[in-house]
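Colleague: Based on what follows, work out the 3D shape:
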Amino acid sequence: MADIGPTRTLTVTFMIPVFGVFWGALFLGEHISAGTVAGGLTVIAALALVIRR
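Modeller: Numbering: from 1, shown residues only. Just a heads-up that it's a prediction; the model follows:
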């Protein structure tokens, strides 16, 4: 945490819903809609903006 800082360290928590949807679809057979994919891509894009230097 000392190397990358607290802001970048906490960005991992934003991936929890993305992985939750992924595991739900994989193990429980839940349906993934286009809106869900768009939301996941939005989260990943936001993380990319925060993580970049």
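Colleague: What is the worst-scoring helix or strand of the chain on mean pLDDT packed up against?
Modeller: Every helix and strand of the chain was ranked by mean pLDDT, DSSP states H and E. The lowest is helix 5-10, at a mean of 80. If contacts are counted by 3 or more C-beta pairs under 8 Å, 6 or more residues apart in numbering; DSSP states H and E, helix 5-10 sits against helix 34-51. For the C-beta atoms, the positions are set from N, CA and C on the backbone; glycine is no exception.
Colleague: Can you list the buried residues in the helix it packs on?
Modeller: 36, 40, 43, 47 (16 or more other C-beta atoms under 10 Å).
Colleague: can you list contacts of that helix?
Modeller: 7-8, 11, 14-15, 17-18, 21 (C-beta atoms under 8 Å, 6 or more residues apart in numbering).
Colleague: now swap in stretch 6-21 and tell me
Modeller: Contact partners of stretch 6-21, identified using C-beta under 8 Å, 6+ apart, comprise 1, 30, 32, 36, 40, 43-44, 46-47, 50-51.
Colleague: which one in the buried residues of helix 34-51 is the model shakiest on?
Modeller: Among the buried residues of helix 34-51, residue 47 has the lowest pLDDT, at 90.
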